[in-house]
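**Q** let's see this in three dimensions:
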Amino acid sequence: MTQQREMDPHSEPAGPATPEPPQPGTGRPTPPAATEPELPAESAQVPPPSRGRLVAEAVGMAVITLALSFRAIPALQDRRQTFFEDVVVNWFGPQAHGLGRLAEAGFWLPVYLRTNYGGEPYLANTQHGAVYPLNLPFWFLDTSTALELVVLLHFVVAAVAMWAYCRLGLRTSMWAGWLAGVCFTLGAGTLAHITLGGHVEVICLMPLIFLTGHMALERRRLGWVVACAASIGLGFLAGHVEVWLYIMVALALYGLAWILFRDRGGILL
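**A** All right, here's what the predicted structure looks like:
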């Protein structure tokens, strides 16, 4: 039997393999079936970072942002100074100051004001940011302190959200995520809009909107969809609608590219 012949030590060694018969009509032998090479251990997928490590990286990103913000903005280095240029003086500053004084007088959410523009539906104008949660410091602090606190708070939100977008969404390293957070938050486009009030608030929410939008597309979970909708709503309430509209167009193109090239074409990995 074949099994006995293979186990017999006195049996003759097997000869060369018999060549495959030629393919019909070609005269060439059939090539052997290809086998997939084994991947080395180093190429195995790297496990995701632990939750504790991610929290530590996020805190580090916030600390770096605050330190560089104080270094880059002279008004934050001297308690006798504050932001004073452009729209801060002739519009955003006075309306933020008025919002705090209205709260002191017991008018927390005025629906209509007769003193603005000859009469204005105050809450309907989102540029006031009256119901934007991150504008709460204007209700309880003096205007200059609240303005600096709101700017720093939005810088931290922007930097941490950009780090999270790169780290969790794009699977980059910690250093790449930190670099992206610093470049976006302390770039010229963000720093130049500090004196434009609602502009900088909406700009700083852009990484959060793209982070939640990316995770909603990738994970397909209701929680991320709700988070994306909430971040979009925050951007709408933050102030300048024009910047918010630009972000919505960019997010729509992002989702369209995802559907066309990843879900259907398999191009984006």
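**Q** how far away is Cys183 from Cys166?
**A** Counting by CB to CB, to the nearest Å, the separation of Cys183 from Cys166 is 11 Å. For the C-beta atoms, the positions are set from N, CA and C on the backbone; glycine is no exception.
**Q** so where do the helices sit in the protein?
**A** Assigned helices in the chain, in chain order: 2-7, 51-72, 87, 93-104, 137-140, 143-164, 174-185, 188-191, 198-219, 222-238, 241-257 (criterion: DSSP state H).
**Q** for Tyr112, which of these is the nearest?
**A** helix 93-104 (12.3 Å; CB to CB).
**Q** what's the closest one packed up against?
**A** With contacts defined as 3 or more CB pairs under 8 Å, 6 or more residues apart in numbering; DSSP states H and E, helix 93-104 has these neighbours: helix 137-140, helix 143-164.
**Q** pick the most buried one from the ones you listed.
**A** When the helices and strands packed on helix 93-104 are scored by mean count of other CB atoms under 10 Å, the highest mean neighbour count falls to helix 143-164 (a mean of 22).
**Q** who's in contact with the nearest residue to Gly239 once chain neighbours are set aside?
**A** For Gly239, the nearest residue in space outside its immediate sequence neighbours is Gly198; the separation is 1.9 Å by CB to CB, 6 or more residues apart in numbering. For Gly198, the set of contacting residues under the criterion of CB atoms under 8 Å, 6 or more residues apart in numbering consists of 92, 126-127, 129, 238-240.
**Q** what of Leu205?
**A** If you count contacts by CB under 8 Å, 6+ apart, Leu205 has them with 154, 157-158, 161, 231, 234-235, 238, 247.
**Q** pick the one among those residues closest to Tyr122.
**A** Tyr122 lies nearest to Ala238 out of those, by CB to CB, at 16.0 Å.
**Q** in CSV: the helices and strands packed on helix 93-104, plus mean pLDDT and distance to Ile259.
**A** Supplementary listing: those in CSV, determined by pLDDT from 0 to 100; distance: least, CB to CB, whole Å:
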stretch, mean pLDDT, distance to Ile259
helix 137-140, 84, 40
helix 143-164, 91, 23
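**Q** quick revisit: what's the least confident stretch among the helices of the chain?
**A** For those, mean pLDDT drops lowest on helix 2-7, to a mean of 45.
**Q** any idea how far Val202 lies from Gly98?
**A** If you measure Val202 against Gly98 using CB to CB, the figure is 21 Å.
**Q** in terms of neighbours, single out the busier of the two.
**A** Neighbours per residue (other CB atoms under 10 Å) separate Val202 from Gly98, with Val202 holding more: 30 against 18.
**Q** quick one: the nearest residue to the more buried one once chain neighbours are set aside from Cys204, how far?
**A** The spatial neighbour of Val202 that comes closest, neighbours along the chain excluded (CB to CB, 6+ apart), is Val243 at 4.2 Å. If you measure Val243 against Cys204 using CB to CB, the figure is 10 Å.
**Q** more neighbours, these two?
**A** Applying other CB under 10 Å to Val243 and Cys204 shows that Cys204 carries more neighbours, namely 26 against 21.
**Q** Glu119 reaches Leu113, doesn't it?
**A** Just to correct that, residue 119 is Gly rather than Glu. Yes. With contact defined as CB atoms under 8 Å, Gly119 reaches Leu113; the gap is 7.4 Å.
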